[in-house]
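S.K.: Make a model of this:
(chains A, B, C and D, ligands or ions: 4)
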Amino acid sequence: MTTDASRGAEAPPDLVQLLTPEGERVEHPDYDIDLTPEEVRSLYRDLVLVRRIDLEAVALQRQGELGIWASLLGQEAAQIGSGRALTDADMAFPTYREHGVAWCRDVDPVKLLGLFRGVNHGGWDPKEHNFHLYTIVIGSQTLHAVGYAMGIQRDDANAATIVYFGDGATSQGDVNESFIWASVFNAPIVFFCQNNQWAISEPLERQTRIPLYRRASGFGFPGIRVDGNDVFACLAVTRKALEAARTGQGPTLVEAFTYRMGAHTTTDDPTRYRVASELEAWKLKDPIERVKAYLFKNEHADQEFFDSVAAEADQLGADLRRRCLALPDPGPLAIFDHVYSEPHALMEQERAQFAAYLEGFQA
Amino acid sequence: MTTDASRGAEAPPDLVQLLTPEGERVEHPDYDIDLTPEEVRSLYRDLVLVRRIDLEAVALQRQGELGIWASLLGQEAAQIGSGRALTDADMAFPTYREHGVAWCRDVDPVKLLGLFRGVNHGGWDPKEHNFHLYTIVIGSQTLHAVGYAMGIQRDDANAATIVYFGDGATSQGDVNESFIWASVFNAPIVFFCQNNQWAISEPLERQTRIPLYRRASGFGFPGIRVDGNDVFACLAVTRKALEAARTGQGPTLVEAFTYRMGAHTTTDDPTRYRVASELEAWKLKDPIERVKAYLFKNEHADQEFFDSVAAEADQLGADLRRRCLALPDPGPLAIFDHVYSEPHALMEQERAQFAAYLEGFQA
Amino acid sequence: MTTMSLSKALNEGMRKAMEDDPKVLIMGEDVGKLGGVFRVTDGLQKDFGEDRVIDTPLAESGIIGTAIGLALRGYRPVCEIQFDGFVFPAADQIITQLAKMPMRSLGAIKLPVVVRIPCGGGIGAVEHHSESPEAYFTHTAGLRVVACSNPADAYTMIQQAIRSDDPVIFFEPKRRYWEKADVDTSSADWWTPLHAARTVRQGSDVTLLAYGPMVKTCLEAAAAAAEDGRSLEVIDLRSLNPLDEPAVMDSVRRTGRAVIVHEAPVNSGFGAELAARITERCFYHLEAPVLRAGGFSTPYPPSKLEEHYLPDLDRVLDAVDRTFGY
Amino acid sequence: MTTMSLSKALNEGMRKAMEDDPKVLIMGEDVGKLGGVFRVTDGLQKDFGEDRVIDTPLAESGIIGTAIGLALRGYRPVCEIQFDGFVFPAADQIITQLAKMPMRSLGAIKLPVVVRIPCGGGIGAVEHHSESPEAYFTHTAGLRVVACSNPADAYTMIQQAIRSDDPVIFFEPKRRYWEKADVDTSSADWWTPLHAARTVRQGSDVTLLAYGPMVKTCLEAAAAAAEDGRSLEVIDLRSLNPLDEPAVMDSVRRTGRAVIVHEAPVNSGFGAELAARITERCFYHLEAPVLRAGGFSTPYPPSKLEEHYLPDLDRVLDAVDRTFGY
Ligand SMILES: Cc1ncc(C[n+]2csc(CCOP(=O)(O)OP(=O)(O)O)c2C)c(N)n1
Ligand SMILES: Cc1ncc(C[n+]2csc(CCOP(=O)(O)OP(=O)(O)O)c2C)c(N)n1
Ligand SMILES: [Mg+2]
Ligand SMILES: [Mg+2]
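M.R.: Ligands and ions are numbered 1, 2, ... in the order given. Now for the predicted structure:
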């Protein structure tokens, strides 16, 4: 039943690529991008730093400091490329894996840890960063994003919305409803699907028998497949799609063809369901190595630069670790906070009773 | 936002048609059908009789004998064409409007009335007719149909499933999930969408901005638009799609392009939302008139035949009316019947208490 | 004071809310040109335009999901679910998103979304058109759940719900849509707070607790009981979450007996919570267990049976009688 | 007798059911090669093939909807919902179709579908992974709702659920998955019927009523109370719908006091029904109102707070103490 055999090493033919795994710039008839060396270095820095944040979080989980962690390893280019395409006025709706996008939206990485450490369910103010809270129920954020985009239309604002979801999510009713809404209302939105080939243990063939980007054609808007490990291409494709959205051309589906290099989450064991050779093949397409190669080859950066980014990453990691451990545990009565925005008798009653109960232990 | 302006008089270009509104046979490169005069007369009879059933039911509702009725007026060809394409072994899943398909499945028309009269929620045994119960929750039957088709696969049976739904239904998450399931499992199913241009008061443009049959392309299986007022074309297209399903070629989406000539249901008032000229334009495409014209022109039937069918229809109508009025009301304790298939203490308790309560009034 | 039907009162209330606040939107299936299958939104699209009164695609999850998004952008969407039985495709968006997102955000997000649900039976409809799904929502923390029972409340409560910064599930008793009463549209001063119950008839022997469509039934029962010399107090709860405990408990402590009346199936219905809570709070005052007169614990039956299924005056009085059997 | 974990007992029970009846299928997300995120279906796909153990697309409505279709074709699907919090996208298919279709068909259709839901908290998980949604289903007529609490029951109950011709919502206490006990896999003779409760500890002062994960908590509370000279009876309800009323009422009539313990929010939770029904049936025997120790009426909190949120030994004993305050 597999009709899309491209999960392995070969790049599928319909892929937008601007930078090869070997670090060569290639041209594409519909997409191009002009980046200064400064800008490329900046992207490189982003990629390295978010990988470092991710690595540190995995380590923190191993050591029992986080309950769980969903690693972005391998998906850095998809996230940084798309995240850097956003303007401040744009709004992003993530899943639980968009740590790279969060970085682009200036969310302090330690704030991402709160939910994985179990001190809260979401630790930042979405309005402050135009970056919504992580959403765990697969696909449900796609409808929020379309609604938000409909709000942008009503405000006549020069902005667009981007919503992230995985290959598995494309099977959810909500995601397909969001395609319908976006298309019918011509909403200013980019659907950014990170096809990392797996939904936990299920390969792409359990969700579709044709390439995912083609789903959009059934709903009457364009779909594009981009090399998700190519930060240039992700940036170029997302930028164009966002601009189309902002200028009244409606939605676009971007399928970022990438790979989940790690486990689904730290509690997952991928050796139960996938072969090592697949991982090896994808290692050759690493999203960071190719930018490094490009910078080197074109003499846009020297060893000193790479060392300084590495040092910055180490610093960031250490800092994140320190601040993670310092995250305060909420007090028991926080259970009742923010359930309602306005006073609510039952909350007050239960809070008071529980406070009295707790005091009973101290007495 | 309207991109499909074909709701009015003109036939859209991508429409499979074998019989024009004027009763001329036309050829189609992919679809053909060879019908004996006998067979055409039989289809004509079906069309006339189901229209008569429908008319009688509308009248019964007007007179307070039914609570509500969903008329198939205008959709006879779509239903008879597709319904007559089924073999006994095939299974059909209807909405609440498939009275014509029910007719093809030998469901006694009076059994359809039970639910509209309020004596039951569904009055026939689906297994007996391979015709499932009417389903009111929009779209939910599409998943049942795919599951059933997956059962056919497991049984290695020479059969297919057909599921009916409307244009409005295509927006439901369930319908899109059913497309995914069918495609991923290559299930033997035909999705038969009767696009009657309206979902209550909402025109097609509220559900899609491209022709509906193209939805299938996003899921990797074929979609075809057929003239839903052309019983030959509906028969030919459905037959081919069913045969593809039976022979392991997976799902097909058929969009039968038709028109709801009546109100959404007897409680609806379409003058609030649609213009009379639209109705007038569609009257010229009547599904029955064109078969009559064809039979006449080709001298396959004479006035005697038409008169006899009309007489049979009158007889059927009168009979249906009589038997509708004779439908027994359920007794109060029927409330507790069939809620569970096996004994259930709470049902027994409530039944006994209610029986005692009712007896209290008699005492 | 103007005399108007309950559906018209809702319509006027929404109109007022839309005039007062340009962020208020109406969304749902057939709410625009048609004005809804019950005409509750009649004329609003004509007057406020298609951007504020949105005929949506036919998908309830989509309605609530996009309403959440609009609320995140600062709008105040009022969603119509066409019939009670069609709220379930939206269950996930309501339960995991609408109800929980404010807490998820530690208060950074407010979701002023109103979900209007015409509810209940008694109109001779087919399956899924007569349900009373309130208990699914009273069990869902983060939602406010209210039900109106008469035109005056309908007019005020819908405006209060729209003004609330919390998500509100708003039940409308569809079989009372056409019943008329006086509505004071001139001032908001005297409005009862949204969370408050109202004693609609005073009495001393038994407290009848109801909401939505059953309030009228209880008033009729109380009138009938009065002829037999029994004094029934009738409380219209109006808000199911939060519950106006003082109003309920004060009454039950006085009467010593309580009967809860709702259309929903008794088993695990909202009446269970009410009965359990009353018993906890008023244990020493109760002369009899709190009894429940409700729908049977079955799916809603075909309409020819609904007169038997639904609690009516006789069933209410039977429960009242039974409380005197203790 | 074999010692095995609760998850293994479920696995063995399903294996047995699949061996006994070729119509039994397993469906869900990751149930195949991975064996489910909790490994409850471990090895089944290897042994029974991909046609009988189906890794489905990622959509819960699709899982239940297609399971209904398979049941209509004569199969007996056992669906896994990966976590409690992800059952809501399937709410419509469960509530309007699975529960109601048999009655809709006047008995012509039977739907032997089992919906397995790992439920409850206490495992330090993120949002939506610790819910106890049973009350949504006990209020839905047409469903049977059961919960297992130990390996022996898990082994038998899953087989009984699969054999039932009615749809069964089957709750599995995920924090007890790894707890081991003896399971008799040799015979089915002694099996308690699926609808029957079981007295897991006898006592005379107070009846503790629990199911699923809280049974163990109650047993621990009873042991602690015994040291203080209080004799607590513990009943494992096992079935929430139907409820084993005789078992419950007999006990409460003897003890005169009852405390209900569940993880779900108290407000409109299943405990409300239980409390209301006990009060109706045992009014004269009650020395105190039936009390409930449950989750607070809030969304499930972040995991650092769950020890406070969930009823534990102390909270149970506190409720027991309070019943003596009356
Ligand atoms: C509605 C729902 N069902 C199930 C889950 C459990 N779950 C969490 S992640 C996941 C797989 C998601 O796959 P994909 O969409 O490809 O995203 P990825 O994790 O690969 O980034 C599943 C099944 C969930 N979170 N929500
Ligand atoms: C889930 C759900 N939502 C809403 C309704 C109310 N409703 C009944 S029919 C209908 C329109 C259906 O339109 P379409 O699918 O085009 O079918 P048609 O009636 O035109 O044949 C609506 C909204 C319903 N039955 N189910
Ligand atoms: Mg994935
Ligand atoms: Mg239609």
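S.K.: what about residue 217, neighbour count?
M.R.: No chain in the question, so chain A it is. 19 (other C-beta atoms under 10 Å in any protein chain shown). (Each C-beta comes from the backbone N, C-alpha and C, glycine too.)
S.K.: Correction: the question concerned chain C.
M.R.: By other C-beta under 10 Å, 22 other residues sit near C:Thr217.
S.K.: what helix or strand does it sit in?
M.R.: Using DSSP states H and E, C:Thr217 maps to helix C:214-227.
S.K.: and that helix, which residues are buried?
M.R.: Going by neighbour count (16 or more other C-beta atoms under 10 Å in any protein chain shown), the buried part of helix C:214-227 is C:Met214, C:Val215, C:Lys216, C:Thr217, C:Cys218, C:Leu219, C:Ala221, C:Ala222, C:Ala224, C:Ala225.
S.K.: what's it packed up against?
M.R.: Applying 3 or more C-beta pairs under 8 Å, 6 or more residues apart in numbering or on different chains; DSSP states H and E, we find helix C:214-227 packed against strand C:198-201, strand C:206-210, strand C:232-236, strand C:258-265, helix C:313-323.
S.K.: With just CA atoms, put the last one into CSV.
M.R.: Translated: helix C:313-323. Presented in CSV, the C-alpha positions along helix C:313-323 are these (Å, rounded to 0.1, in the frame of the first residue of the first chain):
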residue,chain,number,x,y,z
LEU,C,313,-47.1,17.6,36.0
ASP,C,314,-48.2,14.2,37.1
ARG,C,315,-44.7,12.8,37.3
VAL,C,316,-43.6,15.8,39.3
LEU,C,317,-46.6,15.5,41.7
ASP,C,318,-45.9,11.8,42.0
ALA,C,319,-42.4,12.5,43.1
VAL,C,320,-43.8,15.1,45.5
ASP,C,321,-46.1,12.5,46.9
ARG,C,322,-43.3,10.1,47.3
THR,C,323,-41.3,12.5,49.4
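S.K.: Tell me the helices and strands packed up against it.
M.R.: When contacts are defined as 3+ C-beta pairs under 8 Å, 6+ apart, helix C:313-323 packs onto helix B:345-362, strand C:206-210, helix C:214-227, strand C:258-265, strand C:291-295.
S.K.: Could you pull up the residues touching C:Thr156?
M.R.: The contact partners of C:Thr156, taken as C-beta atoms under 8 Å, 6 or more residues apart in numbering or on different chains, are C:Gly13, C:Ala188, C:Trp191, C:Thr192.
S.K.: and ligand 1, which of these reach it?
M.R.: Among those, not one lies near ligand 1 by C-beta under 6 Å from any ligand atom.
S.K.: need the helices and strands packed on helix C:313-323 in a markdown table with mean pLDDT, can you?
M.R.: A markdown table is the format used below for these (pLDDT from 0 to 100):
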| stretch | mean pLDDT |
| --- | --- |
| helix B:345-362 | 96 |
| strand C:206-210 | 98 |
| helix C:214-227 | 98 |
| strand C:258-265 | 98 |
| strand C:291-295 | 98 |
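S.K.: can you list these in CSV and add distance to ligand 2?
M.R.: Formatted as CSV, these follow (distance: least, C-beta to the nearest ligand atom, whole Å):
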stretch, distance to ligand 2
helix B:345-362, 27
strand C:206-210, 28
helix C:214-227, 25
strand C:258-265, 20
strand C:291-295, 21
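S.K.: Is it possible to get CSV of those that adds distance to D:Arg253?
M.R.: Formatted as CSV, the helices and strands packed on helix C:313-323 follow (distance: least, C-beta to C-beta, whole Å):
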stretch, distance to D:Arg253
helix B:345-362, 17
strand C:206-210, 26
helix C:214-227, 32
strand C:258-265, 23
strand C:291-295, 19
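S.K.: show me where chain C has strands.
M.R.: C:2-5, C:24-28, C:53-55, C:76-80, C:114-119, C:144-147, C:168-173, C:180-183, C:198-201, C:206-210, C:232-236, C:239-241, C:258-265, C:291-295 (DSSP state E).
S.K.: These into TSV, with extra columns for distance to B:Ala233 and mean neighbour count?
M.R.: Below are the strands of chain C laid out as TSV (distance: least, C-beta to C-beta, whole Å; neighbours: other C-beta atoms under 10 Å in any protein chain shown):
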stretch	distance to B:Ala233	mean neighbour count
strand C:2-5	48	16
strand C:24-28	36	25
strand C:53-55	32	24
strand C:76-80	38	27
strand C:114-119	41	26
strand C:144-147	51	27
strand C:168-173	45	27
strand C:180-183	53	16
strand C:198-201	62	17
strand C:206-210	57	29
strand C:232-236	59	26
strand C:239-241	54	26
strand C:258-265	48	28
strand C:291-295	48	26
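S.K.: Put together a markdown table for those, with distance to ligand 1 on each row.
M.R.: As requested, the strands of chain C are exported to a markdown table (distance: least, C-beta to the nearest ligand atom, whole Å):
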| stretch | distance to ligand 1 |
| --- | --- |
| strand C:2-5 | 41 |
| strand C:24-28 | 24 |
| strand C:53-55 | 26 |
| strand C:76-80 | 21 |
| strand C:114-119 | 21 |
| strand C:144-147 | 24 |
| strand C:168-173 | 22 |
| strand C:180-183 | 44 |
| strand C:198-201 | 40 |
| strand C:206-210 | 37 |
| strand C:232-236 | 38 |
| strand C:239-241 | 25 |
| strand C:258-265 | 27 |
| strand C:291-295 | 31 |
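S.K.: Redo these as JSON lines? Include distance to B:Trp282.
M.R.: Shown next, in JSON lines, are the strands of chain C (distance: least, C-beta to C-beta, whole Å):
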{"stretch": "strand C:2-5", "distance to B:Trp282": "36"}
{"stretch": "strand C:24-28", "distance to B:Trp282": "28"}
{"stretch": "strand C:53-55", "distance to B:Trp282": "22"}
{"stretch": "strand C:76-80", "distance to B:Trp282": "30"}
{"stretch": "strand C:114-119", "distance to B:Trp282": "32"}
{"stretch": "strand C:144-147", "distance to B:Trp282": "43"}
{"stretch": "strand C:168-173", "distance to B:Trp282": "36"}
{"stretch": "strand C:180-183", "distance to B:Trp282": "40"}
{"stretch": "strand C:198-201", "distance to B:Trp282": "52"}
{"stretch": "strand C:206-210", "distance to B:Trp282": "49"}
{"stretch": "strand C:232-236", "distance to B:Trp282": "49"}
{"stretch": "strand C:239-241", "distance to B:Trp282": "48"}
{"stretch": "strand C:258-265", "distance to B:Trp282": "42"}
{"stretch": "strand C:291-295", "distance to B:Trp282": "43"}
